[in-house]
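[1] Need the 3D shape of this:
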Amino acid sequence: MAGGRSFVTRQEIRGKYSVGANVVKGWIARPSFPAAQAPAAAGADRGREAERFDEVAVDAWVREHENRLWLATHEGKEAAREAALRRLPQGGPGDLLDLDDFRTLLGEFNRGKPIARTTMQSYRSRQQIPAADRREGDGLRPEVYEDMWFRATVYDYIVSQPGMGGRGVGRVARRDP
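    Predicted structure coming up:
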């Protein structure tokens, strides 16, 4: 603590928010991220490991730019998960969604535009998305004529995606549709 202010290192940021080194590196590269303090001002040595960031400013930045992570850190994973789910359209957990619905929801949630159908087909063939809950000819009602997912399956994947680094909120006990 220097002058009543608390400083944190990259490693401490990683630990607090449970993210990898590359995530923190990406944050620091963004112009809006709080600037590192000069080593002398932060009471450190030299180099990247000596970089110190104002802890309150970093926490405020994470709250604004990575809200799910901030919520998971301060209020728990369930709170972060619920906040993420509120961003998705309402519907019943047992609603059936096709691949186009899945790609639209996933893309809109992450990038503000649907993911290309061919990309989603690749994800499916490489098993990077969950297997369909329903398939043509599965003998269940209503009858389906293509792969379909329950809304609960799609939403669970969206809010806890692999590849999100620490930004996913983790899976919580799944509720059956």
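
[2] next helix or strand past the helix or strand of the chain with the lowest mean pLDDT?
    Lowest on mean pLDDT, DSSP states H and E among the helices and strands of the chain sits helix 39-42, with a mean of 54. Sequence order places strand 53-54 as the next helix or strand after helix 39-42, per DSSP states H and E.

[3] Check the offset of that following strand from the chain's centre.
    Taking C-alpha atoms, centre = their mean, to the nearest Å, the mean C-alpha location of strand 53-54 is offset from the chain mean by 24 Å.

[4] Report all helices and strands that the next helix or strand after it contacts.
    Using DSSP H and E, the helix or strand that follows strand 53-54 towards the C-terminus is helix 55-65. Using 3 or more C-beta pairs under 8 Å, 6 or more residues apart in numbering; DSSP states H and E, the elements in contact with helix 55-65 are strand 7-8, helix 21-29, helix 67-74. Any C-beta I mention is one placed from the backbone N, CA and C, and that applies to glycine too.

[5] With distance to Gln121, mean neighbour count and mean pLDDT as added columns, please give those in CSV.
    As requested, the helices and strands packed on helix 55-65 are exported to CSV (distance: least, C-beta to C-beta, whole Å; neighbours: other C-beta atoms under 10 Å; pLDDT from 0 to 100):
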stretch, distance to Gln121, mean neighbour count, mean pLDDT
strand 7-8, 43, 20, 94
helix 21-29, 28, 15, 93
helix 67-74, 28, 19, 88
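
[6] Looking at these, spot the one closest to Val56.
    Of all the helices and strands packed on helix 55-65, strand 7-8 sits nearest to Val56, with 9.8 Å by C-beta to C-beta.

[7] Whichever helix or strand comes after that closest one to helix 21-29, inter-axis angle?
    Downstream of strand 7-8, the first helix or strand assigned by DSSP H and E is helix 10-17. Helix 10-17 and helix 21-29 are oriented at 110 degrees to each other (axes from the mean of the first three to the mean of the last three C-alpha atoms, to 10 degrees).

[8] Pull helix 10-17 out as CSV, backbone CA atoms only.
    Extracted in CSV, the C-alpha atoms of helix 10-17 (Å, rounded to 0.1, in the frame of the first residue of the first chain):
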residue,chain,number,x,y,z
ARG,A,10,-0.7,-9.1,-13.2
GLN,A,11,-0.5,-12.4,-11.2
GLU,A,12,-2.8,-11.0,-8.5
ILE,A,13,-5.3,-9.8,-11.1
ARG,A,14,-5.3,-13.3,-12.6
GLY,A,15,-5.8,-14.9,-9.2
LYS,A,16,-8.6,-12.5,-8.1
TYR,A,17,-10.7,-13.0,-11.3
